[in-house]
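S.K.: Predicted coordinates and the sequence they were generated for:
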Amino acid sequence: MTTGAQALISTLRDAGVQVCFANPGTSEMHFVAALDDVPEMHGVLCLFEGVVTGAADGYGRIAGTPAATLLHLGPGMGNGLANLHNARRAHVPLVNVVGDHATYHKKYDAPLESDIEPLAEWTHGWVRRIESGETIGADAAAAVAAAQASPAQVATLILPADISWSEGGELARPAEPEPATAPDDAVVAEIAEILRSGERTVILIGGPATGEAGQNAADRIAAATGAVPLVETFPTRHTRGAGIPAMDRLGYLAEAAMAQLDGVKHLIVAGTGAPVSFFAYPGKPSSLVPEGTQVHTLASLGTDVVAALEQLADAVAPGTEPRPAPATTTELPTGDLTVQNWVQVIAALLPENAIISDESNTSGLMLPAATAGCPRHDVLTLTGGAIGQGLPVSTGAAVAAPDRPVIALQADGSAAYTISALWTMARENLNVTVVLINNHAYAILRLELMRTGAGQGGPKARQLLDLANPDMDFSKIAAGFGVPSTVATTCEELAEQFSAALAEPGPHLIDARIPPML
């Protein structure tokens, strides 16, 4: 007889789920035991649930198919919520399995008893509690299909322990995900007329449109009409570099974004929404769309965004080719590391087909410009703004693409949230090179202290934004987790250590020490 756990894992496998990032507890032990019965499912242990969920996010961004998670009851779900928030904003496919107490045990209100459904619903995704072994396979198949719907989402399965261990589990065939809808011909025709008007226009793309095909179509439109193409501020996966049209991202700071949109008559959005400020500021508008600018939605995320852009390009730019960025060579800088020059080191040495997990935050403001003409690469960004994403996402990306170099450009304050991801990198021998930008400060919060009108702050305020006293020695921390590490304070040291790390298999961490921007 087949247990519920065996049926669940087998159905997930048959539906294309090959990896389960896990931090299990007692209620999930039969799921853990069943992994040996389904050898095609690769279980990856993470030491904290935020690493579990972030790694599943990174895997989905690169693989395009969902990984599973395994979380322990409501508290485990709670620990993973921040990176589930980022995954939700990234619209990645993710099957989130949360164990629960046995059905008959819940009424006793044991210490770990909690309401899991409200936590799962917070992700704005798909949620189902498994009710029996007879439905467990169908529930699993439905979860995978829901995760891969258009747009993709977090699909949460709540697995009671007794259903997991009981015999009578029934497998199910994979279910078909809901496909994206076709572009609206009338909308495409209307927007084509706007582009032909010659009025100043910006095309803002996001979601699947930030891949090669979407950017090629957007650039064809721009070349033929004079419209300015921009990529959303924090794209899920931005393909860029030599051979790909060079497109700026919409600025993170409201002032920068409003300057990019100043004087624009029409804003066409595809795969994203009209931009808003990340936070409210005294006396400043929340919407970043200038007064008088008309917003037109070419395609939402439920629509085939790339097809819509290609259809629009065929209408307004027949025969026009995209303009790929030329390859450029960056000379290696010299001297002490600064916020300006460390990105030049990365640009000079970036390998072909790299995956960059970028959570460099304020220290990486100059990274996009520095790497525009580098060999082709993918950039994974902090989609939901919940810091602590970079190391887990790079972990998942490396599991999804073991043949590609993965580079985690990681701010120090954010790294401390999920630093245990290093242990998983070491255990799985993942090809991740972590360049940890160590400025001993929450520099972004120092900036926001001024931008919110709160002033410079006194000694008590500054203490809450300072990561010194004591300084964190990330080289020693990495070594403690089993990751080879070095310290760089000059451009020459960073270049030598970065080249060596890329040339060797397995994970490496470079503690790159720079002064803070503020």
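M.R.: That came through fine.
S.K.: contacts, neighbours, all on C-alpha from now
M.R.: Will do.
S.K.: okay, now the residue lying closest to Ser499 once chain neighbours are set aside: neighbour count?
M.R.: Distance criterion C-alpha to C-alpha, 6 or more residues apart in numbering; nearest residue to Ser499, sequence neighbours excluded, is Leu349 at 7.0 Å. Close neighbours of Leu349, defined as other C-alpha atoms under 10 Å, add up to 19.
S.K.: what's the answer for Gln260, then?
M.R.: When counting by other C-alpha under 10 Å, one arrives at 18 neighbours for Gln260.
S.K.: repeat for Gly198
M.R.: Look at Gly198: counted by other C-alpha under 10 Å, it has 12 neighbours.
S.K.: check contacts around it.
M.R.: Thr225, Gly226 (C-alpha atoms under 8 Å, 6 or more residues apart in numbering).
S.K.: Tell me how far it lies from Ala259.
M.R.: 20 Å (C-alpha to C-alpha, to the nearest Å).
S.K.: what does Leu409 give?
M.R.: Using C-alpha to C-alpha, Leu409 is found at 27 Å from Ala259.
S.K.: go on, Gln344?
M.R.: To Ala259, Gln344 is 26 Å away according to C-alpha to C-alpha.
S.K.: repeat for Ala386
M.R.: Computed as C-alpha to C-alpha, the Ala386 to Ala259 distance reads 26 Å.
S.K.: Mind telling me what element Ala145 is part of?
M.R.: Assigned by DSSP states H and E, Ala145 falls within helix 133-147.
S.K.: Flag every buried residue along that helix.
M.R.: Residues of helix 133-147 classed as buried by neighbour count (16 or more other C-alpha atoms under 10 Å): 133-147.
S.K.: State the distance from the closest residue to Thr3 other than its chain neighbours to Leu382.
M.R.: Distances taken as C-alpha to C-alpha, 6+ apart place Glu167 nearest to Thr3, at 4.1 Å, with adjacent residues excluded. According to C-alpha to C-alpha, Glu167 and Leu382 sit 42 Å apart.
S.K.: Among these two, which residue is more densely surrounded?
M.R.: The neighbour comparison of Glu167 against Leu382 (other C-alpha under 10 Å) goes to Leu382, with 25 against 17.
S.K.: And the pLDDT for the more buried one?
M.R.: Leu382 carries a pLDDT score of 97 in this model.
S.K.: before we move on, what about Ala280?
M.R.: The model reports Ala280 with a pLDDT of 87.
S.K.: Report the secondary structure state of it.
M.R.: With DSSP: H, G, I helix; E, B strand; the rest coil as the basis, Ala280 sits in coil.
S.K.: Near the residue lying closest to it once chain neighbours are set aside, how many residues? Count them for me, please.
M.R.: Distance criterion C-alpha to C-alpha, 6+ apart; nearest residue to Ala280, sequence neighbours excluded, is Ser286 at 6.0 Å. Per other C-alpha under 10 Å, the neighbour tally for Ser286 reads 14.
S.K.: try the one 10 residues further on
M.R.: By the criterion of other C-alpha under 10 Å, His296 has 18 neighbours.
S.K.: separation between it and Glu331?
M.R.: From His296 across to Glu331, the span is 42 Å (C-alpha to C-alpha).
S.K.: again with Gly25
M.R.: Distance of Gly25 to Glu331, computed by C-alpha to C-alpha: 51 Å.
S.K.: Which one of the two is surrounded by more residues?
M.R.: Gly25 (15 against 11).
S.K.: contacting residues around the more buried one?
M.R.: Residues in contact with Gly25 (C-alpha under 8 Å, 6+ apart) are Leu71, His72.
S.K.: how about Ile268, phi and psi?
M.R.: Dihedral pair for Ile268: phi -100, psi 120, per degrees, to the nearest 10.
S.K.: Quick check, it in contact with Ser300.
M.R.: No. Between Ile268 and Ser300 no contact is recorded; they are 11.2 Å apart, counting by C-alpha atoms under 8 Å.
S.K.: What sits closest to Asp162 if chain neighbours are left out?
M.R.: Once flanking residues are discounted, Asp162 sits nearest to Ala102: 4.7 Å by C-alpha to C-alpha, 6+ apart.
S.K.: Oh, that last question was meant for Asp511, not what I typed.
M.R.: Val487 (4.6 Å).
S.K.: helices and strands around the helix or strand the one you found falls within, which ones?
M.R.: Using DSSP H and E, Val487 maps to strand 485-488. If contacts are counted by 3 or more C-alpha pairs under 8 Å, 6 or more residues apart in numbering; DSSP states H and E, strand 485-488 sits against helix 474-480, helix 491-503, strand 508-513.
S.K.: relative to strand 508-513, how tilted is the second one?
M.R.: Read that as helix 491-503. Angle of helix 491-503 versus strand 508-513, following axes from the mean of the first three to the mean of the last three C-alpha atoms, to 10 degrees, is 160 degrees.
S.K.: Going by contacts, tell me the helices and strands next to helix 491-503.
M.R.: Judged by 3+ C-alpha pairs under 8 Å, 6+ apart, helix 491-503 is in contact with helix 342-349, strand 432-438, strand 485-488, strand 508-513.
S.K.: Please list the outside residues in contact with it.
M.R.: 332-337, 341-342, 345-346, 349, 405, 433, 486, 488, 507-508, 510, 512.
S.K.: May I have stretch 8-28 exported as PDB, CA atoms only?
M.R.: In PDB, the C-alpha atoms belonging to stretch 8-28 read as follows (Å, rounded to 0.1, in the frame of the first residue of the first chain):
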ATOM      1  CA  LEU A   8       2.200  13.200  -2.700                       C
ATOM      2  CA  ILE A   9       5.900  13.000  -3.600                       C
ATOM      3  CA  SER A  10       5.300  10.700  -6.500                       C
ATOM      4  CA  THR A  11       2.600  12.900  -7.900                       C
ATOM      5  CA  LEU A  12       4.800  16.000  -7.600                       C
ATOM      6  CA  ARG A  13       7.600  14.100  -9.400                       C
ATOM      7  CA  ASP A  14       5.300  13.100 -12.200                       C
ATOM      8  CA  ALA A  15       4.200  16.700 -12.600                       C
ATOM      9  CA  GLY A  16       7.800  17.800 -13.100                       C
ATOM     10  CA  VAL A  17       8.800  18.900  -9.500                       C
ATOM     11  CA  GLN A  18      12.400  17.600  -9.000                       C
ATOM     12  CA  VAL A  19      13.600  19.400  -6.000                       C
ATOM     13  CA  CYS A  20      12.300  19.900  -2.400                       C
ATOM     14  CA  PHE A  21      14.000  22.600  -0.200                       C
ATOM     15  CA  ALA A  22      13.200  21.500   3.300                       C
ATOM     16  CA  ASN A  23      13.400  22.400   7.000                       C
ATOM     17  CA  PRO A  24      11.200  19.600   8.400                       C
ATOM     18  CA  GLY A  25      10.000  18.800  11.900                       C
ATOM     19  CA  THR A  26       8.200  15.900  13.700                       C
ATOM     20  CA  SER A  27       5.000  16.300  11.700                       C
ATOM     21  CA  GLU A  28       6.800  15.900   8.400                       C
END
